[in-house]
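K.L.:
just need the structure, nothing else, for what follows:
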Amino acid sequence: MKTSYLLNILLAVALVILSVKIVYTGNTDDMNNEITTQQDQNIALENILTRSSVRAYTDQAISNEQIDTLMRAAMSAPTAVNKQPWQFLVITDRAILDSIASNFKNIHMAQHAPLAIVVCGDLDKALEGDAQSYWIQDCSAATENILLAAHGMGLGAVWCGIYPIQQRVDLLRDMLSIPSNLIPLNVIPVGYPKAPQNPKDKYDSARIHTNSFQ
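P.N.:
Numbering: from 1, shown residues only. Next comes the predicted model:
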């Protein structure tokens with residue numbers, strides 16, 4: 001009887017210890033998950049705050065896997081009514097990059113970039129009527145995703161505007177045989193930064209208004 005009593009006591013103690021261990025382990029997992037989430041949030045915010053335009057690159061090549069990641073980032077951007085009115089032209093040909101650099105003063109850095117991405121609005125996929133111009137916002141969101149993804153991958157990039165300057169649109173359309181239903185919004189040269197970048201602090205509280213401008 002005493003043996004049975006002792007066994008019951010030992011079993012009860014073991015159950016208590018096991019319960020405490022389970023609770024502690026669960027709390028530890030929750031804490032680790034919370035820390036990981038916070039770290040991810042900090043990394044994302046830091047990536048936004050430290051991104052800068054990069055115009056000088058090394059001669060290091062960019063892999064197909066990196067290009068694929070940039071494209072996936074671009075097409076993760078939000079679009080009006082989920083129309084996704086975009087097409088992307090990836091340029092790695094040295095002769096084409098040099099030609100773009102020589103024909104566009106604002107894209108001279110393409111001469112040393114191993115990659116350039118042309119972001120185009122696809123009017124066949126855009127909304128109709130007054131809402132058609134939402135393609136500009138949609139493609140701009142995709143462009144910003146490319147810039148942020150490049151920075152997060154240790155690359156550098158710069159947004160070089162094409163649209164709405166018609167002369168630039170026509171010239172680039174002729175050079176790259178861009179179909180009439182596509183409008184080139186910009187060209188994004190991409191490469192490994194030649195030197196460390198110092199991001200600008202653009203925050204200005206005077207630009208913030210609450211509820212009304214009055």
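K.L.:
quick check: pLDDT value at the closest residue to Y134 other than its chain neighbours.
P.N.:
Of all residues not flanking Y134 in the chain, A80 sits nearest, at 4.1 Å (C-beta to C-beta, 6 or more residues apart in numbering). No exception for glycine: its C-beta is placed from N, CA and C like everyone else's. Listed pLDDT for A80 reads 98.
K.L.:
give me phi/psi at A80?
P.N.:
Dihedral pair for A80: phi -60, psi 130, per degrees, to the nearest 10.
K.L.:
contacting residues for the most centrally placed residue in the chain?
P.N.:
What sits nearest the mean C-alpha location of the chain, by C-alpha atoms, centre = their mean, is N145, with 2.7 Å. Contacts for N145 (C-beta atoms under 8 Å, 6 or more residues apart in numbering) come out as 73-74, 76-77.
K.L.:
wasn't it part of a helix?
P.N.:
Yes: N145 forms part of a helix when assessed by DSSP: H, G, I helix; E, B strand; the rest coil.
K.L.:
helix, strand or coil for the closest residue to A113 other than its chain neighbours?
P.N.:
What sits nearest to A113 in space, not counting adjacent residues and going by C-beta to C-beta, 6+ apart, is P189, at 3.8 Å. Secondary structure, three-state DSSP: P189 is strand.
K.L.:
following element in sequence after the least confident helix or strand in the chain by mean pLDDT, please.
P.N.:
Lowest on mean pLDDT, DSSP states H and E among the helices and strands of the chain sits helix 2-50, with a mean of 67. As assigned by DSSP states H and E, the chain's next helix or strand after helix 2-50 is helix 64-74.
K.L.:
and that next one, which residues are buried?
P.N.:
Using 16 or more other C-beta atoms under 10 Å as the test for burial, helix 64-74 gives 66-67, 69-71, 73-74.
K.L.:
follow-up on the earlier one: a markdown table for the contacts of N145, including pLDDT and distance to H108?
P.N.:
Shown next, in a markdown table, are the contacts of N145 (pLDDT from 0 to 100; distance: C-beta to C-beta, whole Å):
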| residue | pLDDT | distance to H108 |
| --- | --- | --- |
| A73 | 98 | 25 |
| A74 | 98 | 24 |
| S76 | 98 | 30 |
| A77 | 98 | 27 |
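K.L.:
nearest to P193, of those residues?
P.N.:
Closest approach between the contacts of N145 and P193, by C-beta to C-beta: A73, at 18.1 Å.
K.L.:
any figure for the gap between the spatially closest residue to that closest one that is not a sequence neighbour and I188?
P.N.:
Nearest residue to A73, sequence neighbours excluded (C-beta to C-beta, 6+ apart): A149, at 3.6 Å. According to C-beta to C-beta, to the nearest Å, A149 and I188 sit 11 Å apart.
K.L.:
more neighbours, the two?
P.N.:
I188 (25 against 21; other C-beta atoms under 10 Å).
K.L.:
I'd say the more buried one and I162 touch.
P.N.:
No: taking contacts as C-beta atoms under 8 Å, I188 lies outside contact range of I162: 10.6 Å.
K.L.:
got any residues that touch both of the two?
P.N.:
By C-beta under 8 Å, 6+ apart, the residues touching both I188 and I162 are V118.
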